[in-house]
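Trainee: Pasting the sequence and the predicted model now:
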Amino acid sequence: MNENELMAELLLPDIKKTPEFYEALYPARKLPEGARVTRIAPSPTGYLHLGTLFAALVNRITATTSGGIFYTRIEDTDKKREIEGGIDDIIDGLNRFGISIDEGFVSGSQETGEYGPYKQSARAEIYRTYVKALIQKGLAYPCFCTAEELDQTRKIQEGEKLRTGYYGKWAKHRDITYEQAKALINGGKPFVVRLKSPGSEENKIIFEDVIKGKIEMPENDEDFVLLKSDGIPTYHFAHAIDDHLMHTTHVLRGDEWISSVPKHIQLFKILGFKIPKYGHISPIMKSDNGAKRKISKRKDPEAAVRFFAEQGYDSECVINYLMTIAASDFEDWRRANPDESYKKFKFNLKKMSVSGALFDENKLIDVSKNMIAKLSSGEVFTRLCEWAKEFDPEFYAVLTEDADYTKRVLAVDRDVAKPRKDIAKWSEAKEYFAYFFEDLYKPCVEMPENIAANDAKAFLTEYKAVYDPADDRQEWFSKIKEIAPKIGFAAETKEYKADPDKFKGHAGDLSTVLRISVTGRRNTPDLCGIMQVLGKDECIKRIENAINSI
RNA sequence: GGCCCGGUGGUCAAGAGGCCUAAGACACCGCCCUUUCACGGCGGUAACACGAGUUCGAAUCUCGUCCGGGUCACCA
């Protein structure tokens, strides 16, 4: 054995396999030409984040449009920051938003696929095998520096205004000998394994980012850590091994990774792996006192995807909004294909924005209103109940007490040619439909200032006598028009506008009186339709109540 | 501070040297339609960060300045 081989044996004596074993275990995927293999690799250090959802969407749709595979991999190499239930929350969240997963973790506890395990903590032996091979070739070495020592050199570098890091002459253990290492290990010293970087800062590397375009950076010359002292790899190393073995073709991740690309490219080259295509996704930003900053888990409630669920934003609407951010041509496509699933959209990574977009709730509201307006009342019923069941059980009870009635309520101004665009999120529905339900209805008979109480009373009394729930909209309104002149109101709005002084108001004002009496609201959808749903008895009751309390 | 990336209305954005008197969407404002509110229709306010250069011609190419973002861990 030569010195390098001795070193490898000293550092990783338990590793008996070779990289060839794993290369054979995970052969290339049999996929059609041009199929893209993508993935997200969340770490279970918190709940599903908007940025993660966004990245998942972009990865999912690039795999879909190319006939490829999208898989999930759990990056749980940092045991210190891991939180309980993190995996479940992330994967369940993806499922909830309709992001289907072909392979890897498909639920919090279940994984599928031929390229597993899909959890890094279960892959330790694989990483260590590759590290050992690197040491054998003299391409990696042990480093015994303590956190304090590293801190010390960083301070010196800062003092001298030098680039910080473990490189060049600062790489203390770069040339450590087998004998030296052996002595330290026998002395019980912990160590990490570092890459013996062959790079130089003088050299430039150029790579084509599939989203951002051509990027030029100095070559990596840092002897960064491959294996931490607990024997677990760093992200960089795990990324190279996993994405190679799992045959990822496109690494689409947050652009906070862009500065690590030189490290990654170097690693792939040294390991003899084919370099995947990289695409770096700009973060979703948030405006904070005029300043623009990346949306943050700690400060912003909407950073956790759960926020949208609680608010009652429909998951499909959120995805469609995210698509408008992901692809500048998505809105045009949506207008041209109003009924297609977003999955049919021909997504092009090059159309992605290079700079981060501000999260725009107004736009989300607009997208949501448009989408919800297109739903049938049955579909609205299903989704509303689904939401209420989880987030507003009381309302859920009201909605499901008489499902047929509720469906008729939801059908007002909905299953028609031009449905209302009124609801943006399910949490608004309770307030919006309250007057339909005994338990939620709060009578209010406060009439507009321009209508005298006597006139209101007189109108309601007359109207009550002729009211017929069988009337269609036209008949319904003509009855109001017939009463109008009798109490000094214009039957036609135009009449009134032509000479306002001649009238106390117009038929429209009287319909407002009726509206308030029946619903307690000044604004509602089509009143005639509402009264039909409410039924004769209820309407009469409410009208009488109004007459008595004005 | 070093290294990257970016900068078109309030927001998202089209834009590849002449088609730019700069599109569209959201938001906002006005008018019309209208049983209210919406919807819809019509219209309006509002932008190429700044300075040099290249060119007959620059939002577009180059350089500089300024501003914003990211990153510089045994975190991902």
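Mentor: Cool, the structure landed.
Trainee: hey, let's count contacts and neighbours off CA atoms from now on
Mentor: Fine.
Trainee: What score does the residue nearest to residue A:214 when sequence neighbours are not counted have for pLDDT?
Mentor: Ranked by CA to CA, 6 or more residues apart in numbering and with sequence neighbours excluded, the top spatial neighbour of residue A:214 is residue A:208, at 4.5 Å. pLDDT, the model's per-residue confidence, is 91 for residue A:208.
Trainee: Can you tell me the SS state at residue A:208?
Mentor: Under the three-state scheme (DSSP: H, G, I helix; E, B strand; the rest coil), residue A:208 adopts strand.
Trainee: And for residue A:173?
Mentor: State at residue A:173, reduced to three classes by three-state DSSP: coil.
Trainee: From residue A:13, how far off is it?
Mentor: Using CA to CA, to the nearest Å, residue A:173 is found at 20 Å from residue A:13.
Trainee: of these two, who's got more company?
Mentor: Looking at residue A:173 and residue A:13 with other CA atoms under 10 Å, you find the greater number of neighbours at residue A:173, namely 19 against 11.
Trainee: my guess is that one contacts residue A:142, does it?
Mentor: Yes - counting by CA atoms under 8 Å, residue A:142 is a contact partner of residue A:173 at 7.1 Å.
Trainee: and the nearest residue to residue A:313 once chain neighbours are set aside, how many residues sit next to it?
Mentor: Among residues not flanking residue A:313 along the chain, residue A:425 sits closest, at 4.5 Å (CA to CA, 6+ apart). Residues near residue A:425, counting by other CA under 10 Å, number 22.
Trainee: How about the contacts made by residue A:425?
Mentor: Listed by CA atoms under 8 Å, 6 or more residues apart in numbering, the contact partners of residue A:425 are A:311, A:312, A:313, A:314, A:365, A:368, A:369.
Trainee: and those residues, which are buried?
Mentor: Among the contacts of residue A:425, those buried by neighbour count (16 or more other CA atoms under 10 Å) are A:312, A:313, A:314, A:365, A:368, A:369.
Trainee: For my notes, please list the residues you listed in TSV and give distance to RNA strand B, pLDDT and secondary structure for each entry.
Mentor: Formatted as TSV, the entries for the buried ones among the contacts of residue A:425 read as follows, by distance: CA to the nearest atom of the strand, whole Å; pLDDT from 0 to 100; DSSP: H, G, I helix; E, B strand; the rest coil:
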residue	distance to RNA strand B	pLDDT	secondary structure
A:312	18	93	coil
A:313	15	94	coil
A:314	17	93	coil
A:365	7	95	helix
A:368	10	95	helix
A:369	9	95	helix
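Trainee: residues in contact with stretch A:365-378?
Mentor: Contact with stretch A:365-378 is made by A:313-314, A:317-318, A:320-321, A:380, A:407-408, A:410-411, A:414-415, A:419-425, as judged by CA under 8 Å, 6+ apart.
Trainee: about what we covered before: if we only consider the contacts of residue A:425, which is nearest to residue A:20?
Mentor: residue A:314 (48.1 Å; CA to CA).
Trainee: In contact with that closest one, which residues?
Mentor: Residue A:314 sits next to A:308, A:368, A:383, A:425, A:426 when contact means CA under 8 Å, 6+ apart.
Trainee: The helix ranked longest in chain A vs RNA strand B: in contact?
Mentor: Ordering each helix of chain A by length in residues (DSSP state H) puts helix A:50-66 first. No - using CA under 7 Å from any atom of the strand, helix A:50-66 stays clear of RNA strand B, with a minimum separation of 10.3 Å.
Trainee: ok, residues contacting that helix?
Mentor: A:34-40, A:42, A:68-70, A:94, A:99-101, A:252-254, A:281, A:283-284, A:302-305, A:319, A:322, A:326, A:343-349.
Trainee: Of these, which ones also sit close to RNA strand B?
Mentor: Contacts with RNA strand B within the contacts of helix A:50-66, counted by CA under 7 Å from any atom of the strand: residue A:42.
Trainee: Can you flag which of the contacts of helix A:50-66 belong to helices?
Mentor: Using DSSP H, the subset of those located in helices is A:94, A:319, A:322, A:326.
Trainee: Leaving out chain neighbours, which residue sits closest to the third one?
Mentor: Among residues not flanking residue A:322 along the chain, residue A:54 sits closest, at 6.7 Å (CA to CA, 6+ apart).
Trainee: now swap in the first one and tell me
Mentor: Of all residues not flanking residue A:94 in the chain, residue A:53 sits nearest, at 6.9 Å (CA to CA, 6+ apart).
Trainee: How about the stretch 151-300 of chain A: which residue is closest to RNA strand B?
Mentor: Nearest residue of the stretch 151-300 of chain A to RNA strand B, counting by CA to the nearest atom of the strand: residue A:256, 3.3 Å away.
Trainee: List the residues that contact that residue.
Mentor: Residues counted as contacts of residue A:256 (CA under 8 Å, 6+ apart): none.
Trainee: Distance of it relative to residue A:359?
Mentor: When CA to CA is applied, the distance between residue A:256 and residue A:359 equals 18 Å.
Trainee: what's the answer for residue A:493, then?
Mentor: Applying CA to CA to residue A:493 and residue A:359 gives a distance of 43 Å.
Trainee: Which of the two has more residues huddled nearby?
Mentor: Neighbours were tallied for residue A:493 and for residue A:359 using other CA under 10 Å; the higher tally belongs to residue A:359 (20 against 15).
Trainee: Quick check, the more buried one in contact with residue A:288.
Mentor: No - taking contacts as CA under 8 Å, residue A:359 lies outside contact range of residue A:288: 11.2 Å.
Trainee: Can you classify the residue of the stretch 151-300 of chain A closest to RNA strand B as helix, strand or coil?
Mentor: helix.
Trainee: Could you pull up the residues touching the residue nearest to residue A:214?
Mentor: Contacts for residue A:208 (CA under 8 Å, 6+ apart) come out as A:214, A:215, A:277, A:278.
Trainee: from those residues, which single one is nearest residue A:260?
Mentor: Closest to residue A:260, out of all of those and judged by CA to CA, is residue A:278, at 11.3 Å.
Trainee: The closest residue to that closest one other than its chain neighbours: how many residues sit nearby?
Mentor: Excluding its sequence neighbours, the residue lying closest to residue A:278 (CA to CA, 6+ apart) is residue A:251, at 4.9 Å. When neighbours are defined as other CA under 10 Å, residue A:251 has 23 of them.
Trainee: And residue A:106, by the same measure?
Mentor: Other residues near residue A:106 come to 21 when the count uses other CA under 10 Å.
Trainee: If we check RNA strand B, which of the contacts of residue A:208 are in contact?
Mentor: The overlap between the contacts of residue A:208 and the neighbours of RNA strand B (CA under 7 Å from any atom of the strand) comes to A:214, A:215.
Trainee: Now the buried members of the contacts of residue A:208.
Mentor: With burial judged by 16+ other CA under 10 Å, the buried subset of these is residue A:278.
Trainee: Export the contacts of residue A:208 as TSV, with columns for distance to residue A:502 and pLDDT.
Mentor: Converted to TSV, the contacts of residue A:208 look like this (distance: CA to CA, whole Å; pLDDT from 0 to 100):
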residue	distance to residue A:502	pLDDT
A:214	74	88
A:215	75	91
A:277	76	95
A:278	74	95
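Trainee: all helices of the stretch 301-450 of chain A, in order?
Mentor: A:306-311, A:315-326, A:330-336, A:361-374, A:377-391, A:393-401, A:403-411, A:429-433 (DSSP state H, counting those that start in this stretch).
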